[in-house]
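**Student:** please find the sequence and the predicted model below.
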Amino acid sequence: MHFNDEVDWPEVFGEHISRPSLADPRNPRRSVYAATMVFLEGGLQEIDDQLSGRSRRSRDELAGARLTRTVVVRRAAALAADLPCAVSVGEGAFKDRWPSHGGMANFFMCLIKYTCTAPRWGLFLDYGPRRALAELPRVRAGELELTDLITKIATHDLRMRTRLARYWLFQLSLTIDAKWRSVATKAYREMLDAYSTRWVPVYEEGLRLLGVRLRPGITARMLSSMVSAQTSGFAQHIAGTGDDTRENRDLFVASVQALIYAALDPGDERVITDALRRILGEGPG
């Protein structure tokens, strides 16, 4: 099991863990830090299994709170058994990190923050920008159509965002506490904002390589934000309704292509709103 030691977890978790040293990768007692990570990874994997239908918990067990301390401790024990060093992940160790009064609420907050920085999301989030930068020279050389590149990246992006939205929708349903909902929503928004920012240099490099420019008033950051918002909307719809059909995915890809092409300046010097109004005014045919 890989632990992301490059993250300042005490800073990330803040007051939601009883003592900063329990989540510090630099703790001389490696097993103490490892136990904290195992609890969080156990909670994350349990959520993943419940979402995918792989959970072994009975319906009665899942009827109330879907993620209880008992479930997390049991899951963590199974993970700890495969570690090369002895790690204490019993109920006492859990309560030491997240004391009983408000313990599960604080655990949820740490879990949402852990999810934000989990290596799996880093790989997902890096794929689109890396793939686009690698393929842009092929578009310039005429070996790959820009529409095909947008289709590949947008399809992957929607799949990643949908899975991410399912995590958040699931976790928000665990509690009706307003403070928890606020923290989860803020963490989700910060993650998506960071992802949108990663695309800015990609759009800028694409404009340079392809020798095109954006319409007046549109910047690479604005375009990235617009595409990100469009993707999030589709992803949340699919995550909430389960309506993940080929038709919906094709509609999403077409909408992203339309937005990107509408943002490119063909030389008429129109702002994007005027250009879209003109298209709407012309109507079909």
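**Tutor:** Cool, got the structure.
**Student:** all the helices of the protein, residue numbers only.
**Tutor:** 9-13, 30-52, 59-62, 69-80, 91-97, 103-117, 119-140, 146-172, 178-210, 220-241, 246-263, 272-282 (DSSP state H).
**Student:** avg pLDDT for the last one?
**Tutor:** In other words, helix 272-282. In this model, helix 272-282 carries a mean pLDDT of 71.
**Student:** try the fourth one
**Tutor:** Averaging pLDDT along helix 69-80 gives 92.
**Student:** what residues does that helix touch?
**Tutor:** 1, 35, 38-39, 41-43, 45-46, 57, 61, 87, 89-91, 94, 103-104, 107 (C-beta atoms under 8 Å, 6 or more residues apart in numbering). Every residue, glycine included, has its C-beta placed from N, CA and C.
**Student:** buried ones from the residues you listed, can you make that a PyMOL selection?
**Tutor:** A single PyMOL command is used to select the members of the contacts of helix 69-80 judged buried by 16 or more other C-beta atoms under 10 Å:
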select buried, resi 35+38+39+41+42+43+45+46+57+87+89+94+103+104+107
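**Student:** domain ranges for the chain?
**Tutor:** The chain breaks down into these domains under the TED database: 9-114, 118-280.
**Student:** rewinding a little: how about the helices of the chain in JSON lines, adding distance to Leu22?
**Tutor:** Below are the helices of the chain laid out as JSON lines (distance: least, C-beta to C-beta, whole Å):
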{"stretch": "helix 9-13", "distance to Leu22": "8"}
{"stretch": "helix 30-52", "distance to Leu22": "5"}
{"stretch": "helix 59-62", "distance to Leu22": "28"}
{"stretch": "helix 69-80", "distance to Leu22": "14"}
{"stretch": "helix 91-97", "distance to Leu22": "5"}
{"stretch": "helix 103-117", "distance to Leu22": "10"}
{"stretch": "helix 119-140", "distance to Leu22": "20"}
{"stretch": "helix 146-172", "distance to Leu22": "22"}
{"stretch": "helix 178-210", "distance to Leu22": "19"}
{"stretch": "helix 220-241", "distance to Leu22": "33"}
{"stretch": "helix 246-263", "distance to Leu22": "42"}
{"stretch": "helix 272-282", "distance to Leu22": "50"}
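**Student:** flag the shaky bits of the stretch 51-200 of the chain, pLDDT-wise.
**Tutor:** Applying pLDDT under 70 to the stretch 51-200 of the chain flags the ranges 51-66, 116, 118-122, 167-184, 187.
**Student:** let's see it at 50
**Tutor:** 58-65, 174-177 (pLDDT under 50).
**Student:** what residues are up against the most centrally placed residue in the chain?
**Tutor:** Centroid check for the chain by C-alpha atoms, centre = their mean gives Leu164 as the closest residue, at 4.5 Å. Leu164 is in contact with Trp121, Phe124, Tyr188, Met191, Ala235, counting by C-beta under 8 Å, 6+ apart.
**Student:** now, which of these sits nearest Arg140?
**Tutor:** For the contacts of Leu164, the closest approach to Arg140 (C-beta to C-beta) belongs to Phe124, at 26.6 Å.
**Student:** what's the burial count for the closest one?
**Tutor:** 18 (other C-beta atoms under 10 Å).
**Student:** ok, and the closest non-adjacent residue to it?
**Tutor:** Of all residues not flanking Phe124 in the chain, Met160 sits nearest, at 4.4 Å (C-beta to C-beta, 6 or more residues apart in numbering).
**Student:** check Thr151 too.
**Tutor:** Val253 (5.2 Å).
**Student:** right, and the one you found touches Ile153 too?
**Tutor:** No. Applying C-beta atoms under 8 Å, one finds Val253 not in contact with Ile153, separated by 9.5 Å.
**Student:** with respect to Pro20, which of the helices of the chain lies nearest?
**Tutor:** helix 9-13 (3.6 Å).
**Student:** so Pro129 makes contact with Arg198?
**Tutor:** Yes. The pair Pro129 and Arg198 passes the contact test of C-beta under 8 Å, sitting 4.9 Å apart.
**Student:** of the two, who's got more company?
**Tutor:** Using other C-beta under 10 Å as the criterion, Pro129 and Arg198 rank with Pro129 on top: 18 against 14.
**Student:** perfect, I'm done here.
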